[in-house]
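> Kindly generate the corresponding structure for this input.
(one chain, ligands or ions: 1)
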Amino acid sequence: MFTSLRTKLTLSMLVTSLAAISVMALITPWLLEIRFEEEARQVHFSRFVRLIENFREDNGQWGGQENALLLHKRILDSSSRLARSPEASPSHPGDLKPERHPLDSETFRYVLADPQGFVFMPFGDYQAGQQLTDRQLERSEPLYNGDQLLGYALGANEFPMTEQDKSYLMIQSRSMLLGAAAGLIVTLLLSLTMGRQLIKHLQSLTRAAIEMSKGNLNQQVSVEGKDEIALLAREFNRMALELNNTYAELKASNETIKAQAEAMQELSLRDELTGLHNRRYFNQQFRLMHHQAVRYGENLALALGDIDNFKQINDRFSHQIGDTVLKQVAKLMAEEIRDADILARYGGEEFVILLGHTDKHQAEGLVDRIRAKVAAWPWQHIHKDLSVTISFGISDKLDTDLGHSMLVEADNRLYEAKDQGRNRVCI
Ligand SMILES: Nc1nc2c(ncn2[C@@H]2O[C@H](COP(=O)(O)OP(=O)(O)OP(=O)(O)O)[C@@H](O)[C@H]2O)c(=O)[nH]1
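Now for the predicted structure:
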């Protein structure tokens, strides 16, 4: 439903704040009322005690039904004065000053008993003359004149609040709710700002990870602070660096292996002595070119060359000189052919030339140039008595037999050249 982490964070903050404020809104007024009532009870009691002190000072005696009536009258007088006085609207229990705002009969909720626990000033369900039980005495407040116990005041369970008290409580509750709402707004703003910071780092990590998955391994993210996200970012950077280095090493080693494989492949297709391609390479190329020539009706000529009396060269001048001759003949042939032609050492002292888009007559011209060049080369530089010639047989016979006929025919023409006295080209 909510895909972005930022939305989730903001919502969770909002829900948490709202929950906290709801709990506060429910509990605070209740706590406030309890505390308020407790404080009001104490204020009333202390005012009540002062009133009694005043009463005692004025009357010189205490206890008994007559005193109770007098005391009650004084309380009623105080109430009416309170009702008339414009200053008699306390906004706070602490503002209730007994001298100026005497007890309100509405809030006066005490039963007075003499030191023996007999009620002389009743209230509510209590009757005059009734003796308070031990439990009731425990709940009572003892009244002293110096060290002398005058009696007990037993407070009613509930102290009804005045209108002022109620409005004071309401103002308090509203103020607290307003404060809570302001707190909620501040929390939200803070959570948005902090969430954005948090998400910013996570987003840059996510972007870097996506780039890495695309193959861009050189990724680093900024690391701020020392929290879990900073730790994650640091580890990510370390991992990315390691991965990047390993990948670079792997790539380099792959390239080396590839180059070595290519070199090996090339070597496997080259003749070590002359540097020309070998028979295996020729066979591959011949199959392709022959197939293509047959298919598209193109010309293809094949010339087989064989150094004349090479055995004698070896025997007479040494095998080393024989090798030198092979290399030099290969060089002379390579100089003459086109890049598109295939030249290979076919075996021993035999060479093969494959000429695309060429018929046997055109091939004869090129091959005869090679023959003449070999014959004219100053072999006496190698040995004063050395002379070298080469014979060729050419064929351009295309057939559907993978070039077999062409090879056989070229070989036959080569034999003809040899038979006819060597140093010649037969087609
Ligand atoms: N030095 C050297 N000799 C080789 C090499 N390969 C083959 N030969 C020799 O070449 C000679 C070929 O001799 P033959 O096949 O009798 O042919 P030829 O002597 O050239 O006679 P014709 O072909 O009839 O002119 C053999 O003696 C092989 O040993 C090589 O790589 N180096």
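
> Helices of this structure, start to end?
Counting by DSSP state H, the chain has helices at residues 5-59, 65-84, 134-139, 163-213, 228-268, 279-296, 310-317, 319-336, 360-376, 404-419.

> and Leu355, bridged to which residues?
Per DSSP bridges, residues listed as beta-bridge partners of Leu355: Ala301.

> Look up how far Glu141 lies from it.
Distance of Leu355 to Glu141, given as Cβ to Cβ, to the nearest Å: 132 Å. In short, each C-beta sits where N, CA and C put it, glycine included.

> Also Trp62?
Note on Trp62: its distance to Glu141, by Cβ to Cβ, is 15 Å.

> Between these two, which is the more surrounded one?
The neighbour count for Trp62 versus Glu141, taken as other Cβ atoms under 10 Å, is higher for Trp62 (21 against 15).

> Tell me which residues touch the residue nearest to Thr274 when sequence neighbours are not counted, please.
Once flanking residues are discounted, Thr274 sits nearest to Ala330: 3.7 Å by Cβ to Cβ, 6 or more residues apart in numbering. By Cβ atoms under 8 Å, 6 or more residues apart in numbering, the contact set of Ala330 is Thr274, Gly275, Leu276, Leu343, Arg345, Phe351.

> is stretch 351-368 up against the ligand anywhere?
No. No part of stretch 351-368 sits near the ligand under the criterion Cβ under 6 Å from any ligand atom; the closest distance found is 11.6 Å.

> For that stretch, what does the pLDDT average out to?
On average, the pLDDT along stretch 351-368 is 96.

> Please export the C-alpha coordinates of it as CSV.
What follows is stretch 351-368 as a C-alpha-only set of coordinates in CSV (Å, rounded to 0.1, in the frame of the first residue of the first chain):
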residue,chain,number,x,y,z
PHE,A,351,53.3,-25.0,-50.6
VAL,A,352,49.7,-24.2,-51.6
ILE,A,353,48.1,-20.9,-52.8
LEU,A,354,44.4,-20.4,-52.8
LEU,A,355,43.2,-17.5,-55.1
GLY,A,356,39.6,-16.3,-54.8
HIS,A,357,37.8,-14.9,-57.8
THR,A,358,40.6,-16.2,-60.0
ASP,A,359,40.6,-18.8,-62.8
LYS,A,360,43.6,-21.0,-63.7
HIS,A,361,44.8,-18.7,-66.4
GLN,A,362,44.9,-15.7,-64.1
ALA,A,363,46.5,-17.8,-61.4
GLU,A,364,49.2,-19.0,-63.8
GLY,A,365,50.4,-15.4,-64.3
LEU,A,366,50.8,-14.8,-60.6
VAL,A,367,52.3,-18.2,-59.9
ASP,A,368,54.8,-18.0,-62.8
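
> what distance separates that stretch from the centre of its chain?
For stretch 351-368, the distance from its own C-alpha centre to the chain's C-alpha centre is 67 Å (Cα atoms, centre = their mean, to the nearest Å).

> Sweet, I'm off.
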